[in-house]
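Peer 1: test case, fold it:
(one chain, ligands or ions: 1)
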Amino acid sequence: MTSTATDNPLARPGEDAEVIVRFDGATKTFVTGKGKGRREVTAVDDVTLNIRRGEIYGVIGYSGAGKSTLVRMINGLEPATSGEIEVDGRRVDGRTEEQLAPIRRDIGMIFQQFNLFTSRTVAGNVEYPLIRAGWSKDKRKARVAELLQFVGLSERAGNYPEQLSGGQKQRVGIARALAAQPKILLADESTSALDPETTQEVLNLLRRANREFGITVVLITHEMDVVRSIADRVAVMDSGRVVEEGATAQVFSAPTTSTARKFVATVSHDEPDAEELAYLSEKRQGRLVVIDIRQGVDVGPVLSAAAARGVSFRIVFGGVSVLQKQSFGSLTVDLSGEPHVVDDAIEALSQVTTVKEVSA
Ligand SMILES: Nc1ncnc2c1ncn2[C@@H]1O[C@H](COP(=O)(O)OP(=O)(O)OP(=O)(O)O)[C@@H](O)[C@H]1O
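Peer 2: Coordinates of the predicted model:
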């Protein structure tokens, strides 16, 4: 047997991993109304990105940023207005429903509203896509049993959806999405009404589906901590555009756009907010600077050298975390001493990392 990335739960698809979903200049414009009431909304605007086989890919952004539209373009539920989309080597744009059918069989989808058949049992719901895919009765039975065990609902096989909790319904939805052994799973957690515990349960199942079956997962969310806990790579969307894209650790440690910075700030509260800054400014003895701490950045020697020249420094705010084996965060330091020596210290820090002077 050849070794794959999924044999080892710690090995994640690398840069050389095969591309399974490719967007190339993909755009989706909705036109609503007629005459004077005609409006155009470009929900997805010239997006180019690659999703790798076997990874968990997060799509993050505020409400209305275009996340759902982007993800629905993968299975052709939203046809592209222009640009190219390819799934597992097959073009999706410009295809008829009939041509899309075999591509869609490789793509499972988890709906936010569960969309379970109320008249079918739990087992019946999971079995449904297998009937449509033409599986034999024996094979269906074995697969349904396997999946219900996977999502921990074997005892509920004969129940109807209305007898289940929200979290259990979601698990049935996942079992059904996985039934016909898709290569890609699309999941939308962005407006999910699930409580935090159930959300965690669902995320764990997605992670297991990814690790155990090697399924590529594309996950929409507007919570950065969801992305942080599960995604290998992430795309940050704003007004239809992908404004930042890359390894989750990279986007976390060095967000380059204000949208990404805002998302990162929601989980890593390592920089003082306005109120905290007002307090720190009132108490400061010298100048307040925020120093970026990243992998490979060592501010220790610079601060020691400054201290030797009579600069006193107090760390007044900050936080440093480790994500995917990389440190990132920031420290706010109050530097006081002879003005020109403090100037030199800030200059020396700027040589090794990003330094931002702040005041209320
Ligand atoms: N069928 C449609 N007709 C017209 N406009 C649409 C349609 N679907 C989406 N839009 C518009 O496209 C933009 C992007 O919507 P989309 O649902 O993709 O965003 P989103 O980031 O997924 O938002 P949310 O997090 O709220 O689900 C919005 O301005 C939305 O109003």
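Peer 1: now stretch 306-325: buried residues?
Peer 2: For stretch 306-325, the buried set under the neighbour-count rule, 16 or more other Cβ atoms under 10 Å, comprises 306, 311, 313, 316-318, 323. C-beta here means a position set from N, CA and C on the backbone, and glycine is covered the same way.
Peer 1: just how off-centre is the helix or strand hosting Phe252 within its chain?
Peer 2: Under the criterion of DSSP states H and E, Phe252 resides in helix 248-253. Here the centre of helix 248-253 is set off from its chain's centre by 11 Å, with Cα atoms, centre = their mean, to the nearest Å.
Peer 1: does the ligand sit close to the next helix or strand after that helix?
Peer 2: Where DSSP H and E defines the elements, the next helix or strand beyond helix 248-253 is helix 258-267. No - on the criterion Cβ under 6 Å from any ligand atom, helix 258-267 is out of touch with the ligand, staying 12.0 Å away.
Peer 1: and the contacts of helix 258-267?
Peer 2: Contact with helix 258-267 is made by 60-62, 223-225, 228, 236, 238, 243-244, 251-252, 255, 271, as judged by Cβ atoms under 8 Å, 6 or more residues apart in numbering.
Peer 1: let's see it at 6 Å
Peer 2: With contact meaning Cβ atoms under 6 Å, 6 or more residues apart in numbering, helix 258-267 is reached by 224-225, 236, 238, 243-244, 251-252, 255.
Peer 1: just stretch 198-208 next, same as before
Peer 2: So stretch 198-208 is contacted by 167, 170, 174, 217, 230 (Cβ under 6 Å, 6+ apart).
Peer 1: between these, which has the most around it?
Peer 2: In terms of neighbour count, Gln170 stands highest of those at 27 neighbours, by other Cβ atoms under 10 Å.
Peer 1: contacts only, for that residue.
Peer 2: Counting by Cβ under 6 Å, 6+ apart, the residues that Gln170 touches are Val202.
Peer 1: how much space between it and Val71?
Peer 2: Using Cβ to Cβ, to the nearest Å, Gln170 is found at 17 Å from Val71.
Peer 1: just to revisit the earlier point, buried set for the helix holding Phe252?
Peer 2: 248-253.
Peer 1: cool, stretch 270-289 as well?
Peer 2: Neighbour-count burial for stretch 270-289 [16+ other Cβ under 10 Å]: 270-272, 277, 280, 284, 286-289.
Peer 1: of all those residues, which two lie farthest apart?
Peer 2: Asp270 and Gly286 (20.6 Å; Cβ to Cβ).
Peer 1: three-state assignment of Val44?
Peer 2: strand (DSSP: H, G, I helix; E, B strand; the rest coil).
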